[in-house]
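Asks: no sequence for this one, just the structure:
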């Protein structure tokens with residue numbers, strides 16, 4: 001009976017597979033954080049455009065200086081928020097890049113063990129086939145040399 005193939009590095013392969021799955025989840029979290037920051041930047045741009053639209057005046061309309069000053073202060077606040085959001089976006093993009101690199105490394109390490117397992121299994125099958133062929137040859141030789149009764 002043929003001996004069953006046993007890959008001795010299977011626990012390590014499973015560990016690397018788990019590391020790869022965790023790297024995928026980390027990349028997903030980083031991408032989600034980046035999307036949220038981009039959404040915030042879009043909202044701030046919309047608020048800024050809405051402020052400019054609200055300050056647009058029709059010809060002959062009376063200008064309200066208090067509203068104009070309040071709009072200017074709000075615009076400064078929006079600009080500070082935008083600067084902070086762009087800084088967050090740069091940080092989030094760096095985290096996405098690091099997570100992608102981590103995932104690529106984890107995938108390569110896992111794939112290396114998967115391929116090694118496949119090669120070892122193929123080698124095991126070949127060795128088993130050779131053993132069986134040798135056993136069959138020995139049986140055939142023994143049958144051939146039997147004295148006929």
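Replies: Yes, it's here. Owing to the predicted nature of the structure, the values given are computational and were not obtained by experimental measurement. Numbering: from 1, shown residues only.
Asks: burial count for residue 34?
Replies: By the other C-beta atoms under 10 Å criterion, the neighbourhood of residue 34 contains 19 residues. Placement of C-beta: from N, CA and C, glycine included.
Asks: just residue 46 next, same as before
Replies: Neighbourhood size, residue 46 [other C-beta under 10 Å]: 10.
Asks: For it, give me its contacts.
Replies: If a contact means C-beta atoms under 8 Å, 6 or more residues apart in numbering, then residue 46 has no contacts.
Asks: what's the helix or strand for it?
Replies: helix 10-55 (DSSP states H and E).
Asks: and the next element down the chain from that helix?
Replies: helix 65-145.
Asks: could you check the angle helix 10-55 makes with that following helix?
Replies: Interaxial angle, helix 65-145 versus helix 10-55 (axes from the mean of the first three to the mean of the last three C-alpha atoms, to 10 degrees): 160 degrees.
Asks: Show the average pLDDT along helix 65-145.
Replies: For helix 65-145, mean pLDDT is 93.
Asks: That one packs against which elements?
Replies: Contacting helix 65-145 under the criterion 3 or more C-beta pairs under 8 Å, 6 or more residues apart in numbering; DSSP states H and E are the following elements: helix 10-55.
Asks: How far away from the center of its chain is the helix it packs on?
Replies: In this view, helix 10-55 has its centroid 12 Å away from the chain centroid, taken as C-alpha atoms, centre = their mean, to the nearest Å.
Asks: So for this protein, the centremost residue is which one?
Replies: Central residue of the chain (C-alpha atoms, centre = their mean): residue 24, 3.5 Å from the mean position.
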